[in-house]
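1. Here is a sequence together with a model predicted from it:
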Amino acid sequence: METKLCAFCDFPLTEANRSKEHLIPNALGGLKKVSNFICRRCNNDFGGKWDSALAGQLNQLAVLFGIVRARGPVPAEIVETVNGDRFRLNADGFMTPADPSFIKEPVEGGLSIRMVARSMDEARSMIDGLKRRYPQLDVDVVMQGLRWESHYVSDSLKMSLDLGGQAACSSVIKSVMCLASACGVDARKCDAARKFAMSAEECDRCFGYFYSRDLIACRPANPIFHCVAIRGSRNSRQLIGYAEYYGFQRMVIRLSSDYEGPDLAACYAIDPISGEELSIEVDLYLSREELEATCRAETAVPGEAELALRTALFAGLKRVSDREMRRVVDKAVNDAFAVLSASGLESATADQLADLAFDNMLPYLVHRISKREPSDP
């Protein structure tokens, strides 16, 4: 049996050094793994460099959509409002202040300190620090006097994505090469893509962002998905790849311009929120001239990339809004039952329950009325 080589370092793959590679990076919600593609060392090196760069660029969307990863939650994202206030957007959809703060004000006979912390543990640590400076401070009394405050941010958030760079683009190329390997294409046949990914500095681009037409046949109603696809043509001698993340980052990759293998086509797609595998068809019938123009960034259509991104962002904001509505309703009902139970009422009328739940939901309803809900762009 022929010994397979690592796609990047050319070392023979053995039981001792082979690893399983996520077809789509797990940091983006990818689940499916492919064997006999890459060695463990390259997987660790390029995962730490390439995949981390791509995940960092798309982290705002991962937080918005609550992507579940095998290696811990999605990192929180620091966001800023149009008025300059900074918050930490967490994977659970909640925002906390970006940093803890102290406000000291002299008062008659002493000093007033207003403290803002993001958790009880952080508050305890801050109070312990104050204790060292003010020994007379009773930590337990202060802790008992703490209270949670929550409110809705009234200002709009500023969000932007900076895409590109060799490391992040090499991660995309790696995913497409991984699919080609799963279809029996040796990595060394992906000569153009492999050369770019392995170059110490950016060389001739073998890819381009593609928005001049939609390559997804019958694009799903749910705009959020990931997919990678390949098409090999013996007649045109082209091996072409395609990758799309969150329904907006769309890249065409020239894997090889001298392909000699059989005709083939394959696609793998996933809903990164639910993990469900999707059936999607990608039309990768590009002429050699169109592919080369794409790699030279000559096929851009003004406004199309922005429209695709806006669609993804609106979908993310809509999901956050729906998640918050469910949380508020559940909490309001549970709190209403708790109040009735504490009052000694064994049963309650629907009106009593509704009145209590409404009071708990009022801050959310006021916020909802004051802010227009996201709609399709």
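-> On my side now, so go ahead.
2. Low-confidence stretches in the chain?
-> Counting by pLDDT under 70, the ranges of the chain that qualify are 1-2, 200-203, 344-348, 371-377.
3. hang on, Gly247 is in a helix, isn't it?
-> No. Assigned with DSSP: H, G, I helix; E, B strand; the rest coil, Gly247 falls outside any helix and is coil.
4. So the closest residue to it other than its chain neighbours: helix, strand or coil?
-> Spatial nearest neighbour of Gly247, chain neighbours left out: Pro223 (4.4 Å); criterion: Cβ to Cβ, 6 or more residues apart in numbering. Just so you know, the C-beta spots here come from the backbone N, C-alpha and C atoms, and that holds for glycine as well. Judged by three-state DSSP, the three-state class of Pro223 is coil.
5. And the most far-flung residue of the chain relative to its centre, how close does it get to Met115?
-> Relative to the centre of the chain, the most outlying C-alpha is that of Gly109, 51.5 Å out, by Cα atoms, centre = their mean. Distance of Gly109 to Met115, given as Cβ to Cβ, to the nearest Å: 20 Å.
6. Over to Glu324?
-> 27 Å.
7. for Tyr285, same thing?
-> Relative to Met115, Tyr285 is positioned 62 Å away (criterion: Cβ to Cβ).
8. Tyr246 too?
-> Following Cβ to Cβ, the distance that separates Tyr246 from Met115 is 38 Å.
9. Can you pick out the residue with more neighbours from the two?
-> The neighbour comparison of Tyr246 against Met115 (other Cβ atoms under 10 Å) goes to Tyr246, with 26 against 16.
10. do you know how far the more buried one is from Ile224?
-> Tyr246 sits 6 Å away from Ile224, going by Cβ to Cβ.
11. buried stuff in the longest helix belonging to the chain?
-> If you go by DSSP state H, the chain has its longest helix at helix 304-342. Residues 304-305, 308-309, 311-313, 315-316, 319-320, 324, 328, 332-333, 336, 339-340 are the ones in helix 304-342 that count as buried (16 or more other Cβ atoms under 10 Å).
12. same check, this time on stretch 293-304
-> Residues of stretch 293-304 classed as buried: 293-295, 299, 304 (neighbour count, 16+ other Cβ under 10 Å).
13. State the pair within those that is farthest apart.
-> Maximum pairwise distance in the buried residues of stretch 293-304, criterion Cβ to Cβ, is 17.7 Å, between Cys295 and Glu304.
14. Does Tyr259 touch Leu239 like I think?
-> Yes. Using Cβ atoms under 8 Å, Tyr259 is in contact with Leu239, at 4.0 Å.
15. So if I had to pick from those two, which one is more boxed in?
-> Leu239 (28 against 22).
16. did I read that right, that one in a strand?
-> Yes. Under three-state DSSP, Leu239 falls within a strand.
17. For it, give me its contacts.
-> Each residue near Leu239 by Cβ atoms under 8 Å, 6 or more residues apart in numbering is listed here: 180, 185, 189-190, 230-233, 254-256, 259, 261.
18. I'd like to know which of those residues are buried.
-> Buried, going by 16+ other Cβ under 10 Å: 180, 185, 189-190, 230-233, 254-256, 259, 261, out of the contacts of Leu239.
19. Strands - which of these land there?
-> Counting by DSSP state E, those place 230-233, 254-256 in strands.
20. all helices for the stretch 101-250 of the chain, in order.
-> Ranges of helices in the stretch 101-250 of the chain, per DSSP state H, counting those that start in this stretch, are 120-133, 139-144, 166-182, 191-198.
21. Kindly indicate whether the most centrally placed residue in the chain is helix, strand or coil.
-> In the chain, the residue lying closest to the centroid (Cα atoms, centre = their mean) is Ala62, at 1.8 Å. Classification of Ala62 using three-state DSSP returns helix.
22. Check whether Arg86 really touches Ala76, as I assumed.
-> No. Arg86 is beyond contact range of Ala76, at 11.9 Å (criterion: Cβ under 8 Å).
23. Have a look at those two and say which one is more surrounded.
-> Ala76 (19 against 11).
24. gap between the more buried one and Asp359?
-> In terms of Cβ to Cβ, Ala76 sits 31 Å off from Asp359.
25. Would you confirm that Ser226 contacts Tyr242?
-> Not quite, residue 226 is His, not Ser. No. Using Cβ under 8 Å, His226 is not in contact with Tyr242; the gap is 11.6 Å.
26. Show me whatever sits in contact with both of these two.
-> Common neighbours of His226 and Tyr242 (criterion: Cβ under 8 Å, 6+ apart): none identified.
27. Which residues are in contact with the residue nearest to Gly247?
-> Pro223 makes contact with 247, 311-312, 315, according to Cβ under 8 Å, 6+ apart.
28. Is it possible to get a markdown table of those that adds distance to Cys6?
-> Compiled in a markdown table, these are given as follows (distance: Cβ to Cβ, whole Å):
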| residue | distance to Cys6 |
| --- | --- |
| Gly247 | 32 |
| Thr311 | 38 |
| Ala312 | 34 |
| Ala315 | 38 |
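29. Which pair in those residues has the greatest spatial separation?
-> Farthest pair in those (Cβ to Cβ) is Gly247 and Ala315. Separation: 7.7 Å.
30. Residues that sit against both of the two, list them.
-> 223-224.
31. circling back to that earlier point, Asp271 is nearest to which of the helices of the stretch 101-250 of the chain?
-> Closest to Asp271 of the helices of the stretch 101-250 of the chain, according to Cβ to Cβ: helix 166-182, at 16.6 Å.
32. May I see the buried residues of the closest one?
-> For helix 166-182, the neighbour count (16+ other Cβ under 10 Å) marks 166-182 as buried.
33. Please apply the same query to stretch 157-168.
-> Quick answer for stretch 157-168 (16+ other Cβ under 10 Å): 159, 163, 166-168.
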